[in-house]
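1. Structure for the following, please:
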Amino acid sequence: MVITLSNLKPAKGARHKPKRLGCGEGSGHGGSGSTRGMKGQRSRSGEGKNPGFEGGQMPLLRRIPKRGFSNKNFATEYQEVRLDNIVKKLDENTTEITPEFLKHNNLIKTLSKPIKIILGKHKNINFTRKLKFFAHKFSRSVIEIVKKSGSECVFIK
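-> Got it, this is the predicted structure:
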């Protein structure tokens, strides 16, 4: 017989029926015990406790003091674009690098988040023509390289 996905079965004896707790005396797991012991919290249905529960003792998370401030909720999250990736996507008639250009070339995910242009891996990038870069933020090294080539960095507000 040829074995295919349609006729695969586990070996005989490899599978067991699951215990059906509380399904009557005939199941072998009925009655007051039903494999959970006799009385107490863990024998009842719905006995689950929250993850930090310590048996009534004050949980660690509530015992330790809460101090300080995190700026995580308020920090501005920039979409970083490497300069060498922009140069790879340039064609002959491109003169302005706008957020729409970056989105069209799949260098950023959305136009709603601010953009930062960074240098990336390649340190020696030269432009053959003058370009205008529009972004919300630029790294210092990018500003230096762009100005050396005679191009311009324009900050978007």
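2. Other residues contacting stretch 81-90?
-> 97, 101-102, 105, 107-108, 115-122, 125, 127, 131, 133, 135, 142, 145 (Cβ atoms under 8 Å, 6 or more residues apart in numbering). The way it works is simple: take the backbone N, C-alpha and C, and place the C-beta from them, glycine included.
3. Take that stretch, keep the C-alpha atoms, and write them as CSV.
-> The C-alpha coordinates for stretch 81-90 follow below in CSV (Å, rounded to 0.1, in the frame of the first residue of the first chain):
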residue,chain,number,x,y,z
VAL,A,81,15.9,55.6,5.7
ARG,A,82,19.6,54.9,4.7
LEU,A,83,21.1,57.3,2.2
ASP,A,84,22.6,54.4,0.1
ASN,A,85,19.2,52.9,-0.3
ILE,A,86,17.9,56.2,-1.6
VAL,A,87,20.8,56.5,-4.1
LYS,A,88,20.0,53.0,-5.4
LYS,A,89,16.4,54.0,-6.2
LEU,A,90,17.3,57.2,-8.1
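4. thinking again about what came up before, mind checking which of the contacts of stretch 81-90 are buried?
-> 97, 101-102, 105, 107-108, 115-120, 125, 131, 133, 135, 142, 145 (16 or more other Cβ atoms under 10 Å).
5. Quick check: which ranges of the protein have low pLDDT?
-> Within the chain, the stretches with pLDDT under 70 are 33.
6. Show me which helix runs longest in it.
-> helix 140-148 (DSSP state H).
7. Show me what the helix or strand following that one is in contact with.
-> Toward the C-terminus, helix 140-148 is succeeded by strand 152-155 as the next helix or strand (DSSP states H and E). Strand 152-155 is contacted by residues 130-138, 142-143, 146-147 when judged by Cβ under 8 Å, 6+ apart.
8. what pairs with strand 152-155, and is each one parallel or antiparallel?
-> Partners of strand 152-155 in the sheet, by DSSP bridges, are strand 132-135 (parallel).
9. The strand it pairs with: how far from the chain's middle?
-> Taking Cα atoms, centre = their mean, to the nearest Å, one finds strand 132-135 lying 29 Å from the centre of the chain it belongs to.
10. how about Gly150, what does it touch?
-> Phe127, Lys130.
11. let's go with 10 Å and repeat that
-> Phe127, Arg129, Lys130, Leu131 (Cβ atoms under 10 Å, 6 or more residues apart in numbering).
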